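Chemist: coords please:
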Amino acid sequence: MAMSAAEIEALIKAAFPDARVTIEDLAGDGDHYAATVISEAFRGRSRVQQHQLVYAALQGRMGGALHALALQTSAPPQ
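Modeler: Numbers count the residues shown, from 1 in each chain. You can find the predicted model right below:
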């Protein structure tokens, strides 16, 4: 079962309430998304750590309900 962009955004916002989140359905199939997530929680963390935090926020749905997610993460400008 595919996930909607709204579901992905809600999970990310639940984990990072301050986040600015943009979700794009890349193939129109509800299975392949790109997400941009900007949150203070990412400050001082490596890109890998940032992505791990987002994957954790998705609560195990990666590889199941959510097939592919291209991530762009960063902390907000100071």
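Chemist: residue ranges with poor pLDDT in this structure?
Modeler: Scanning the chain for pLDDT under 70 picks out 1.
Chemist: All the strands of it, in order from the start?
Modeler: 20-25, 32-38, 68-74 (DSSP state E).
Chemist: State the distance from the closest residue to residue 76 other than its chain neighbours to residue 31.
Modeler: Distances taken as Cβ to Cβ, 6 or more residues apart in numbering put residue 38 closest to residue 76, at 5.4 Å, once the chain neighbours are dropped. Bear in mind the C-beta positions are built from the backbone N, C-alpha and C, glycine included. The gap separating residue 38 from residue 31 is 24 Å, by Cβ to Cβ, to the nearest Å.
Chemist: next one: residue 39
Modeler: Here the criterion is Cβ to Cβ. By it, residue 39 lies 25 Å from residue 31.
Chemist: When these two are compared, which one has more neighbours?
Modeler: For residue 39 versus residue 31, the count of surrounding residues by other Cβ atoms under 10 Å is larger for residue 39: 22 against 15.
Chemist: I'd guessed the more buried one sits against residue 75; true?
Modeler: Yes: using Cβ atoms under 8 Å, residue 39 is in contact with residue 75, at 6.9 Å.
Chemist: if I pick the nearest residue to residue 23 once chain neighbours are set aside, what's in contact with it?
Modeler: Counting by Cβ to Cβ, 6+ apart, residue 5 is the residue found nearest to residue 23 once chain neighbours are left out, at 4.0 Å. Counting by Cβ atoms under 8 Å, 6 or more residues apart in numbering, residue 5 touches 23-25, 33.
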